[in-house]
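**Student:** model the following, please.
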Amino acid sequence: MGNMADVAAAAGVSISTVSHVINETRRVDPRTRDAVLAAIAATGYRRNALAAALATSRSGVLALSIAAGRNPYFGPLMRAIESRASELGYTLMMGDSHDDTDIEHRLVGSLLDRRVDGLIMAPSPGSEERTIPTVRAAGTPLVLIDRLSPADVDQVASEGAEPVVRLTSHLAELGHRRIGVLTGRPGIQSTEERIEGFVRAMDAAGLRAAPRHVRCGDSRADEAHVQTLAMFRARAPRPTGLVVLNNEMTVGAMRALRELDLRVPEDVALVAYDDFEWSDLFSPGLTAAAQDVEAIGRRCVDLLVERIAGYDGARRVERLPTAFHHRDSCGCERPRAGG
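**Tutor:** Next up, the predicted model:
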């Protein structure tokens with residue numbers, strides 16, 4: 001394996017020029033840069049990442065704190081973030097916050113100790129009081145994803161209320177008057193926005209959900225299963241429509257309805273916020289509001305890298321639209337392609 005002197009000799013340039021190409025500390029003529037890169041490949045040189053970090057005050061590493069195991073939505077999001085980071089020349093270091101404030105705080109502290117260049121975080125409840133101030137105090141660039149915050153940092157998330165307005169209004173337009181809802185984990189901004197969308201749509205339709213039909217599934221399949229059983233086992237008239245406010249809870253809700261021998265959509269029309277990659281493959285197909293996970297992942301990396309490069313403007317809060325995927329679970333005829 002060659003060293004930097006070998007690369008310089010092979011490319012016919014000085015060692016300092018090789019250093020500038022590797023560490024991107026000065027603009028180098030494109031032809032010279034290409035010659036250095038070719039020499040690196042030919043000699044098998046690999047830079048010492050620690051030495052480079054000490055020389056440039058950058059590690060070339062981005063960090064991601066996310067509740068990786070709680071929600072299947074986060075898997076594709078993590079892949080999108082890692083892919084974009086790699087495209088821009090960064091390595092991604094990831095950790096699972098488990099949506100627990102204490103775990104998140106320890107995790108982020110460990111990531112900061114490793115001198116990452118920037119951090120992407122899906123904040124857990126309580127982040128605004130503990131974790132976010134810690135990152136700000138360290139001076140590490142930060143971008144929040146999925147859940148917005150009053151914090152003065154860049155943020156990227158999908159629209160929250162309007163997609164739920166559309167889903168709920170769709171059930172009301174189909175004639176449903178008893179509509180239930182499974183809400184997500186309390187204390188999270190995305191949960192609050194989606195509940196707001198449900199209430200707005202019900203008000204606009206002149207409807208009000210019975211308290212027994214409003215259940216907290218805590219953004220988990222197991223709890224959604226328990227709450228759906230309770231909702232539909234009650235003696236009082238049960239809902240004819242159900243709105244589920246994240247995809248993991250949809251799994252639990254559908255399992256409960258199957259246990260109760262309730263058919264979707266014949267007995268219960270069901271719509272959901274969040275889509276699955278395989279939503280169109282099982283029967284009935286799920287009518288859902290789908291987030292553009294790829295766009296969210298790429299955009300949060302771009303904002304973070306801009307901050308690392310020196311952008312010091314006002315915070316940017318970007319909301320990305322969702323797509324309405326009309327399938328069978330709502331109980332109406334699926335629109336034909338191109339129709």
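**Student:** what does the domain assignment say about this structure?
**Tutor:** 4-47, 59-158+293-320, 160-290 (the TED database).
**Student:** now those as CSV including mean neighbour count and distance to Cys330?
**Tutor:** Heads up, the C-betas are built off the backbone N, CA and C, glycines and all. CSV is the format used below for these (neighbours: other CB atoms under 10 Å; distance: least, CB to CB, whole Å):
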stretch, mean neighbour count, distance to Cys330
domain 4-47, 16, 52
domain 59-158+293-320, 19, 20
domain 160-290, 20, 4
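**Student:** any idea which of the ones you listed scores lowest on pLDDT?
**Tutor:** Of all those, the minimum mean pLDDT falls on domain 4-47 (a mean of 78).
**Student:** distance check, the spatially closest residue to Phe276 that is not a sequence neighbour against Leu92.
**Tutor:** Spatially, and ignoring its direct neighbours in sequence, Phe276 is nearest to Asn247 (5.9 Å; CB to CB, 6 or more residues apart in numbering). According to CB to CB, to the nearest Å, Asn247 stands 23 Å off from Leu92.
**Student:** between the domains of the chain, which one is closest to His326.
**Tutor:** domain 160-290 (5.7 Å; CB to CB).
**Student:** which residue ranges of this protein form helices?
**Tutor:** 4-11, 15-23, 30-43, 49-56, 74-87, 101-113, 131-138, 161-173, 189-204, 221-233, 247-259, 293-308 (DSSP state H).
**Student:** okay if I get those helices as a markdown table plus distance to Pro123?
**Tutor:** A markdown table is the format used below for the helices of the chain (distance: least, CB to CB, whole Å):
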| stretch | distance to Pro123 |
| --- | --- |
| helix 4-11 | 41 |
| helix 15-23 | 33 |
| helix 30-43 | 39 |
| helix 49-56 | 27 |
| helix 74-87 | 13 |
| helix 101-113 | 8 |
| helix 131-138 | 7 |
| helix 161-173 | 19 |
| helix 189-204 | 8 |
| helix 221-233 | 21 |
| helix 247-259 | 18 |
| helix 293-308 | 13 |
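**Student:** compare those and give me the one nearest Gln155.
**Tutor:** Short answer: helix 293-308, nearest of the helices of the chain by CB to CB, at 8.4 Å.
**Student:** which strands and helices sit next to the closest one?
**Tutor:** helix 74-87, strand 118-121, strand 142-145, strand 154-158, strand 317-320 (3 or more CB pairs under 8 Å, 6 or more residues apart in numbering; DSSP states H and E).
**Student:** put the alpha carbons of the longest one into PDB.
**Tutor:** Which is helix 74-87. Only the C-alpha atoms of helix 74-87 are listed here, as PDB (Å, rounded to 0.1, in the frame of the first residue of the first chain):
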ATOM      1  CA  PHE A  74     -37.600   4.800   9.500                       C
ATOM      2  CA  GLY A  75     -35.900   1.900   7.700                       C
ATOM      3  CA  PRO A  76     -36.300   3.400   4.200                       C
ATOM      4  CA  LEU A  77     -35.500   6.800   5.600                       C
ATOM      5  CA  MET A  78     -32.200   5.600   7.000                       C
ATOM      6  CA  ARG A  79     -31.300   4.100   3.700                       C
ATOM      7  CA  ALA A  80     -32.100   7.300   1.900                       C
ATOM      8  CA  ILE A  81     -30.000   9.300   4.300                       C
ATOM      9  CA  GLU A  82     -27.000   6.900   4.000                       C
ATOM     10  CA  SER A  83     -27.200   6.900   0.200                       C
ATOM     11  CA  ARG A  84     -27.100  10.700   0.000                       C
ATOM     12  CA  ALA A  85     -24.400  11.000   2.600                       C
ATOM     13  CA  SER A  86     -22.300   8.500   0.600                       C
ATOM     14  CA  GLU A  87     -22.900  10.400  -2.700                       C
END
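**Student:** and the angle for it with helix 247-259?
**Tutor:** With axes from the mean of the first three to the mean of the last three CA atoms, to 10 degrees defining the directions, helix 74-87 sits at 150 degrees from helix 247-259.
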